[in-house]
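Trainee: build me a model from this:
(chains A, B, C, D, E, F, G and H)
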Protein chains: 8
Amino acid sequence: MNLTVYLAGEIHTDWREELKEKAEKNNLPLTFVSPQTNHNRSDDIGEDILGEQPGNLYKDDAASGINNFRTQVLIQKADVVIALFGEKYRQWNTAMDASAAITMNKPTIIIRPEPLIHPLKELSNKANVTVETVDQALDVLRYIYE
Amino acid sequence: MNLTVYLAGEIHTDWREELKEKAEKNNLPLTFVSPQTNHNRSDDIGEDILGEQPGNLYKDDAASGINNFRTQVLIQKADVVIALFGEKYRQWNTAMDASAAITMNKPTIIIRPEPLIHPLKELSNKANVTVETVDQALDVLRYIYE
Amino acid sequence: MNLTVYLAGEIHTDWREELKEKAEKNNLPLTFVSPQTNHNRSDDIGEDILGEQPGNLYKDDAASGINNFRTQVLIQKADVVIALFGEKYRQWNTAMDASAAITMNKPTIIIRPEPLIHPLKELSNKANVTVETVDQALDVLRYIYE
Amino acid sequence: MNLTVYLAGEIHTDWREELKEKAEKNNLPLTFVSPQTNHNRSDDIGEDILGEQPGNLYKDDAASGINNFRTQVLIQKADVVIALFGEKYRQWNTAMDASAAITMNKPTIIIRPEPLIHPLKELSNKANVTVETVDQALDVLRYIYE
Amino acid sequence: MNLTVYLAGEIHTDWREELKEKAEKNNLPLTFVSPQTNHNRSDDIGEDILGEQPGNLYKDDAASGINNFRTQVLIQKADVVIALFGEKYRQWNTAMDASAAITMNKPTIIIRPEPLIHPLKELSNKANVTVETVDQALDVLRYIYE
Amino acid sequence: MNLTVYLAGEIHTDWREELKEKAEKNNLPLTFVSPQTNHNRSDDIGEDILGEQPGNLYKDDAASGINNFRTQVLIQKADVVIALFGEKYRQWNTAMDASAAITMNKPTIIIRPEPLIHPLKELSNKANVTVETVDQALDVLRYIYE
Amino acid sequence: MNLTVYLAGEIHTDWREELKEKAEKNNLPLTFVSPQTNHNRSDDIGEDILGEQPGNLYKDDAASGINNFRTQVLIQKADVVIALFGEKYRQWNTAMDASAAITMNKPTIIIRPEPLIHPLKELSNKANVTVETVDQALDVLRYIYE
Amino acid sequence: MNLTVYLAGEIHTDWREELKEKAEKNNLPLTFVSPQTNHNRSDDIGEDILGEQPGNLYKDDAASGINNFRTQVLIQKADVVIALFGEKYRQWNTAMDASAAITMNKPTIIIRPEPLIHPLKELSNKANVTVETVDQALDVLRYIYE
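Mentor: Reported below is the predicted structural model:
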């Protein structure tokens, strides 16, 4: 049974590559999709397509419409959502994607480091599973196929 | 036409009281509901009801189950959701509530200060309206009744 | 049985007042709601609340977010939607509201003059009932209570 | 990841062919579907299948039932909807399809020329992305696969 | 707890009056709604409102649009649906209403005489309860309040 | 684009075979599914699997549970539903399937002979298209692929 | 804000009365509904209304159709569901009601004694909150109104 | 037509293997999925992935989150659900899965031995079909393909 997994969250580390490689090594029939992970491209996509905007608010709104379009297409195709929170940044897109996925009844795994237990407690409680490492998330995915 | 408005977000200022008073002065037939705004009570509610837990992770999970229960009851009854982000804290519950509300097709207003434009851009784009002040949010509510 | 009726469409004639008066004379227990019918206010509401925008595109987008918020609140509360098309203007909001209402399974009546039969044929076919006059729409509402 | 794209709107220019060719050149794994683009066939399909009808109203209703059947089948299969508005005609089917798609949570792109900014402002605000050219729409589709 | 009950089916006997009277005698807090029970009015409503149509097919389609509008409004408001089949006629509207109600997750009771057991077996199996008399249906409604 | 078509209705003529053959000749990529068309098997399936039942009511209920299971599986997989009414019998399963399909937003075609126009008028009005012959239904299916 | 609470589970103790009294003492604006708590009436309701059945299987099926009808009406009206498991019996109706409520997105509280932690672990994990006593469930309800 | 069948219930006998083998012998194009059937692995999966927990309640909750994740993924992919109850144990997961599946409109078959007729009567009444043996369930699956 092939499953599509949307990988929300942290875009400044290579956790997605790590997860994909390990999934392949385990022969798990998973297709991974994700948001734009090139930060600059993600910030600039509105002006890249629509041309210069009259200020940062408008540049940001133009970019976010296109980023949200992409995310909506891919989360709707996903059977499972994994959201990884890192220690830095406010990561509201990660929280937004995880909460949207849970509300759409997508089975959801949260990966977050120990110091984030308290601020993420309500979101963790709504997700199916919360783990601390990418390896643990892989273990949960592998468990589907046991 | 009576409407119920869920007020998500910031719990360390009195913006909810301010909004309620102004709505009353304008004779808007609105009922306001909100999450637990007493921070300590919100953190302790799990142990307050279920007794001592074996560590912070478990204390937090116990509290968040009850907080999420409360939020789910009240957001489901709401016709409109307003989410206010302040400049401090990570406020992942605010992002979680706003994203859940939007996914449930609740008409949603976000209030956020100017410095948060960039990190909140995707969530702002998904909400119906984003404003900077409580007075502007009140203006939007009042517009329903014009 | 009280019902709420959303009146989409044409804002330059007084058809809403006419319908309300006739409904009252017939003692129909109906509550009518509608979009902003003051054209200038509807166009300016974005700048009225959010301040001056850097050009017409941005002024229009700011206004439309607030107009869509209002419409979403009111159509979700409605048991019935009536959409009136006049002979002038492109009236895309009327088509948008009628199509959204039908997709949300709201029982929908379209009022349109004879010359619009052809261009509105697909929308008319999806609506429950299409009539030519406000009096006929009132007849349909009255039929619920016979 | 293969995606199906429904192309609503304008049927008197060859924008669909242009978009398909460019998608192919970019090796995007997209399947495009669309309404009947032969205007006469679309107008006559009711009488073509059901025989002569007693007047234009009935001819139009017969045609529109079959056109709506086709559209409903294809939009339900679509992962993405693109709606192109031209400068001429009232194009209520385009508005109807775009609004239905958005209400069904289909990620939606609107293409419209600059002079239509104002009359389409509420629909544009509800869509995920609004652009002015077919090339820009292609850029948005391509962004899914970056 | 007040409940609204939609009474589908048979319009040539006074079973609705009988049920209402007995519900009142039992002080059950029920509001009953139903389709148009005046057979001629129901057949003529299209021409009564829209004027003469060019033949029976068109007269029937005009009437049915308005009848379906009425039914959709009232079934959507109903908490419970009761559908009574008599021994005569094909009663396809009764079957249509019962099947639509069940698909909409409305708790549904079917009343049908013993000779109809076989032809109604699949619909009976999908309904919550099938009984043979109005008194039995009343017993089921009364059971909600025990 | 492959589509699955559920063929509800009439089981005593070979209209399904006729439709399948013509679809094949037209190279339409359609998969057809249908209810059990062997009348005796359909009536006996309850006792065939569950053993003898204590009377006709119980035999019928046992059969209908299994028939409804089959229909639910297949209609849920269908992209399109066609329901054919013949001149004989009450055909309540045909009405039940058509009404359920329409309520589930399945695009639906009804085939019925001219004498059934009046008794089927409300169901015809709710379906997307109503035709009189299998060839016309095929024409409507073919129109999807033009 | 008035809320309706469905009390599933255990029918051989007076926990419902205890909960209602305490809710009243706390002036909580709650309306409580529940399944039939008279065990014999619940078992006999099928034969009480439909007459003698040919054996226990049929008597049970007749009763359960009517019990399920009642439960469906009341759970659909409920804003909150509480399910209490006792130490005796298999209580599959309690598990069925709790699981149905959770799947319908009803905020759900489970009350169960300590020895049932292990066998109920998956259901507890899906519910919002699991407590051990009626007083704790009352505390959770009261928390909504703080 | 390929179908996916989720096999809920009893994990201490080899009924799943028996069903799969018989389905293969009958050339039924079915894919079977199921919960974790290794009892110890299912109980320990939380600690296996997340490490030691501070007591049985926490060990059980950790395991059940992961078990529920697996079940949610697989039931959402399933076209049909079969739930087998044995004579031993409380089997609340089986009841939970069956009730969730029915509420999600998954066509559902229950297999249970004769002594469980009474305690399972409400759940049996809500399922599409209830049988006593694996062979009978296979007969029902085979009937889809006749």
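Trainee: who in chain A is up against chain B?
Mentor: Applying CB under 8 Å from any CB of the partner chain, we find that chain A lies next to chain B at A:56-57, A:60-61, A:63-65, A:67-68, A:71, A:89-93, A:95-100, A:102-104, A:117-126. All C-beta spots, glycine's among them, are computed from the backbone N, C-alpha and C.
Trainee: which among these count as buried?
Mentor: Buried subset of the residues of chain A next to chain B (neighbour count, 16 or more other CB atoms under 10 Å in any protein chain shown): A:57, A:60-61, A:63-65, A:67-68, A:71, A:90-93, A:95-100, A:102-104, A:117, A:119-126.
Trainee: these in helices, which ones?
Mentor: A:57, A:60-61, A:63-65, A:67-68, A:71, A:92-93, A:95-100, A:102-103, A:121-126 (DSSP state H).
Trainee: near chain D, from these?
Mentor: Answer for those near chain D (CB under 8 Å from any CB): A:65, A:68.
Trainee: how about the residues of chain A by chain C?
Mentor: Residues of chain A lying near chain C (CB under 8 Å from any CB): A:54, A:55, A:58.
Trainee: mind putting those into TSV with neighbour count and pLDDT?
Mentor: Compiled in TSV, the residues of chain A next to chain C are given as follows (neighbours: other CB atoms under 10 Å in any protein chain shown; pLDDT from 0 to 100):
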residue	neighbour count	pLDDT
A:54	12	97
A:55	12	97
A:58	20	98
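Trainee: tell me how many other residues crowd residue A:44.
Mentor: 14 (other CB atoms under 10 Å in any protein chain shown).
Trainee: distance of the residue of chain A positioned farthest from its centre from residue F:16?
Mentor: Ranked by distance from the centre of chain A (CA atoms, centre = their mean), the top residue is residue A:54, with 30.0 Å. Separation of residue A:54 from residue F:16 (CB to CB, to the nearest Å) stands at 62 Å.
Trainee: over to residue A:122?
Mentor: For residue A:122 relative to residue F:16 (CB to CB), the value is 54 Å.
Trainee: cool, residue A:128 as well?
Mentor: 44 Å.
Trainee: between the two, who's got more neighbours?
Mentor: When residue A:128 and residue F:16 are compared for neighbours, residue A:128 comes out ahead with 25 against 19, by other CB under 10 Å.
Trainee: who's in contact with the residue nearest to the more buried one when sequence neighbours are not counted?
Mentor: Of all residues beyond its chain neighbours, the one nearest residue A:128 is residue H:69 (3.9 Å), with distances taken as CB to CB, 6 or more residues apart in numbering or on different chains. Shown in contact with residue H:69 (CB atoms under 8 Å, 6 or more residues apart in numbering or on different chains): A:107, A:109, A:128, A:129, A:140, A:143, A:144.
Trainee: and if you look at residue A:117?
Mentor: Contacts of residue A:117 by CB under 8 Å, 6+ apart are A:124, B:56, B:57, B:60.
Trainee: number of nearby residues for residue A:114?
Mentor: Residues near residue A:114, counting by other CB under 10 Å: 10.
Trainee: what's the answer for residue A:138, then?
Mentor: If we define neighbours as other CB under 10 Å, then residue A:138 has 24 of them.
Trainee: mind checking what secondary structure it has?
Mentor: When classified by DSSP: H, G, I helix; E, B strand; the rest coil, residue A:138 comes out as helix.
Trainee: tell me who's in contact with the spatially closest residue to it that is not a sequence neighbour.
Mentor: Spatial nearest neighbour of residue A:138, excluding adjacent residues (CB to CB, 6+ apart): residue A:22 at 5.1 Å. Contact analysis of residue A:22 by CB under 8 Å, 6+ apart lists A:134, A:135, A:138.
Trainee: assumed residue A:22 was part of a strand.
Mentor: No - looking at residue A:22 with three-state DSSP, it is helix, so not inside a strand.
Trainee: quick one: contacts for the residue nearest to residue A:15 when sequence neighbours are not counted?
Mentor: Excluding the flanking residues, the one nearest residue A:15 by CB to CB, 6+ apart is residue A:134, at 5.2 Å. Each residue near residue A:134 by CB under 8 Å, 6+ apart is listed here: A:15, A:18, A:19, A:22, A:84, A:111.
Trainee: interface residues of chain A facing chain G?
Mentor: Counting by CB under 8 Å from any CB, no residue of chain A is near chain G.
Trainee: which strand runs longest in chain A?
Mentor: strand A:3-9 (DSSP state E).
Trainee: give the other helices and strands that that strand contacts.
Mentor: Strand A:3-9 is packed against strand A:30-33, helix A:56-77, strand A:80-84, helix A:92-103, with contacts defined by 3 or more CB pairs under 8 Å, 6 or more residues apart in numbering or on different chains; DSSP states H and E.
Trainee: mind running it again at 10 Å?
Mentor: helix A:15-25, strand A:30-33, helix A:56-77, strand A:80-84, helix A:92-103, strand A:108-111, helix A:134-144, helix H:56-77 (3 or more CB pairs under 10 Å, 6 or more residues apart in numbering or on different chains; DSSP states H and E).
Trainee: mind listing what it pairs with, with the direction of each?
Mentor: If you go by DSSP bridges, strand A:3-9 pairs up with strand A:30-33 (parallel), strand A:80-84 (parallel).
Trainee: report the angle between that strand and helix A:92-103.
Mentor: 140 degrees (axes from the mean of the first three to the mean of the last three CA atoms, to 10 degrees).
Trainee: for chain D, give me its nearest residue in chain A.
Mentor: Distances between chain A and chain D by CB to the nearest CB are smallest at residue A:69, namely 3.9 Å.
Trainee: for residue D:75, see how far away that residue is.
Mentor: 17 Å.
Trainee: what's the answer for residue A:85, then?
Mentor: From residue A:85 to residue D:75 the distance is 36 Å (CB to CB).
Trainee: more neighbours, these two?
Mentor: Per other CB under 10 Å, whichever of residue A:85 and residue D:75 has more neighbours is residue A:85, with 25 against 20.
Trainee: grab the nearest non-local neighbour of that one.
Mentor: That would be residue A:112: by CB to CB, 6+ apart, it lies 4.2 Å from residue A:85.
Trainee: the one you found and residue B:88, how far apart?
Mentor: In terms of CB to CB, residue A:112 sits 20 Å off from residue B:88.
Trainee: ok, the two, which is more surrounded?
Mentor: Legend: neighbour count by other CB under 10 Å for residue A:112 and residue B:88, higher for residue A:112 (24 against 8).
Trainee: do you know how far the more buried one is from residue A:133?
Mentor: With CB to CB as the criterion, residue A:112 and residue A:133 are 10 Å apart.
Trainee: can you redo the strands paired with strand A:3-9 as TSV with mean pLDDT?
Mentor: Output for the strands paired with strand A:3-9, formatted as TSV (pLDDT from 0 to 100):
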stretch	mean pLDDT
strand A:30-33	98
strand A:80-84	98
